[in-house]
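**Student:** Sequence below, structure please.
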Amino acid sequence: MTSFFGVPRASVAWTGDVAIFVSSPGNERGYCGTCGSQMVFRSDRWPDETHLYALSLDDLAQFKPEAHYHYAERVPWLVIDDDLPKHGGSADG
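**Tutor:** Residues are numbered from 1 along each chain as shown. Next up is the predicted model:
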């Protein structure tokens, strides 16, 4: 299970090496060039956004979620008990 969030692509700056893998046409995933940890997802579908994996941040507390996407795909034991909008699929659905 993982959590990620989208930010404006122009607002992302890297301080280390990121290895990019084109996972499918129009989609790329970035990994730490040193340890291989997942760092980023970018897609032509959202050309102005970069999606970062939450655990890649030094201080996750500085970001506040606004909604839950892919909610229908959660594991049955995961309880999300907040009032944020919950979307069954992606940001488009």
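**Student:** Next one: the residue nearest in space to the middle of the chain, what pLDDT does it get?
**Tutor:** Taking Cα atoms, centre = their mean as the criterion, Phe4 is the residue nearest the geometric centre of the chain, at 2.8 Å. You'll see Phe4 listed with a pLDDT of 83.
**Student:** Could I get the phi/psi values of it?
**Tutor:** phi -140, psi 170 (degrees, to the nearest 10).
**Student:** Three-state assignment for Ala10, please.
**Tutor:** Per DSSP: H, G, I helix; E, B strand; the rest coil, the local secondary structure of Ala10 is helix.
**Student:** Let me know the distance separating it from Glu73.
**Tutor:** Relative to Glu73, Ala10 is positioned 29 Å away (criterion: Cβ to Cβ, to the nearest Å). Every C-beta, even on glycine, is put in place using the N, C-alpha and C of the backbone.
**Student:** what do you get for His51?
**Tutor:** Going from His51 to Glu73 by Cβ to Cβ gives 15 Å.
**Student:** Same check on Leu52?
**Tutor:** Distance of Leu52 to Glu73, computed by Cβ to Cβ: 19 Å.
**Student:** Kindly report the same for Glu66.
**Tutor:** From Glu66 to Glu73 the distance is 19 Å (Cβ to Cβ).
**Student:** Quick check, the residue nearest to the centre of the chain in contact with Thr50.
**Tutor:** No: counting by Cβ atoms under 8 Å, Thr50 is not a contact partner of Phe4; they are 9.8 Å apart.
**Student:** got any ranges where the chain has weak pLDDT?
**Tutor:** Low-confidence regions of the chain, defined by pLDDT under 70, span residues 1, 90-93.
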